[in-house]
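Participant: curious how this folds, go ahead:
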Amino acid sequence: MSEIDVGGDILPIRDSLVREIEVAWDRLARPGTWWNGAERLAIAAEARHAAGCDLCQRRQAALSPYAVDGAHDALGALSPAAVEAIHRLVTDAGRITEKWVTSLQSDEGLSEPAYVEIIGVIAVLTGLDKLHQALGLPLRELPAAVAGEPSRHLPAGAKRNLAWVSTLAPEDVGAGDPNPYPPHGDKNIHRGLSLVPQEVFNFFDLDVELYLKDHEIRDFEHDFRAISHAQIEMIAGRTSALNGCFY
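Facilitator: Have a look, this model is predicted:
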């Protein structure tokens, strides 16, 4: 068991969680599948910046976000399409529509797999940042980018038949595709990022340490954390309600 300093109190923290936190930060800084390391960190920085965007605040207050035009307060490192995707995902994800997702590709030129990887980066960053916020700790500085080029691997078997983006069914995983399903499960939630399989690994490797492994979720005979299943689900349910998550 490792230790963490929280406001001067030294508290225990699982070694496996410490390890996956460090792995997650390292992966954010490395070349991904469609974005290089510097771009992935720019996505993370823009995600943190979005909360203060005037356009996003006016859209949040409007009956429909699509009725409010304007330019985002952006950091300037990414294309307008990427900024639009990041800001909406961070500030108003509950009102995203299929038409909006499609328009990013057809009108804005943001490819479908690039959009999916943006979601993956934001999801991992959110888990890391919210842990710090919950503990009352300042946000960790973003790491330095690792040089290299993205792999640009697109699974040949991915299809648009489950969600607003293409996904890769377990039976369609090809010989050259990273296969995230054996370690993490193959429910729809695992398939959400599967157009970019590495992002499934990136998110769920961290998620299962912050939450529970797939096979542990419904094993009510055992408690795998310091708090009970019921306490975990009470926190999860309350968090989902506050965030407008209806999964």
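Participant: phi, psi for the nearest residue to His229 once chain neighbours are set aside please.
Facilitator: Nearest residue to His229 in three dimensions, chain neighbours excluded: Phe220, at 5.8 Å (CB to CB, 6 or more residues apart in numbering). Where C-beta positions appear, they are placed from N, C-alpha and C, glycine not excepted. Backbone torsions for Phe220, taken as degrees, to the nearest 10, come to phi -80, psi 0.
Participant: tell me the confidence at Phe220?
Facilitator: If you check Phe220, the pLDDT there is 89.
Participant: same thing with the one 3 residues further on?
Facilitator: Asp223 is assigned 91 on the pLDDT scale.
Participant: gap between the closest residue to it other than its chain neighbours and Trp164?
Facilitator: Distance criterion CB to CB, 6+ apart; nearest residue to Asp223, sequence neighbours excluded, is His229 at 6.3 Å. His229 is 32 Å from Trp164, where distance means CB to CB, to the nearest Å.
Participant: between these two, who's got more neighbours?
Facilitator: Here His229 and Trp164 are compared on neighbour count by other CB atoms under 10 Å; more neighbours surround His229, at 18 against 15.
Participant: what is the burial count for the residue nearest to Asp129 when sequence neighbours are not counted?
Facilitator: Closest residue to Asp129 apart from its sequence neighbours, by CB to CB, 6+ apart: Leu139 at 5.5 Å. If you count neighbours by other CB under 10 Å, Leu139 ends up with 12.
Participant: likewise the one 3 residues further on?
Facilitator: Counted by other CB under 10 Å, the residues lying close to Leu142 total 16.
Participant: and it, what helix or strand is that in?
Facilitator: Using DSSP states H and E, Leu142 sits within no helix or strand.
Participant: what pLDDT, on average, does stretch 72-85 get?
Facilitator: For stretch 72-85, mean pLDDT rounds to 97.
Participant: Val68 against Arg59, yeah?
Facilitator: Yes. Assessed by CB atoms under 8 Å, Val68 is found in contact with Arg59 at 4.7 Å.
Participant: the more surrounded of the two?
Facilitator: Neighbours per residue (other CB under 10 Å) separate Val68 from Arg59, with Arg59 holding more: 22 against 15.
Participant: give me the three-state assignment for that one.
Facilitator: Under DSSP: H, G, I helix; E, B strand; the rest coil, Arg59 falls in the helix class.
Participant: I figured the residue nearest to His229 was touching Ser228, is that so?
Facilitator: No. Counting by CB under 8 Å, Phe220 does not reach Ser228; the two are 9.5 Å apart.
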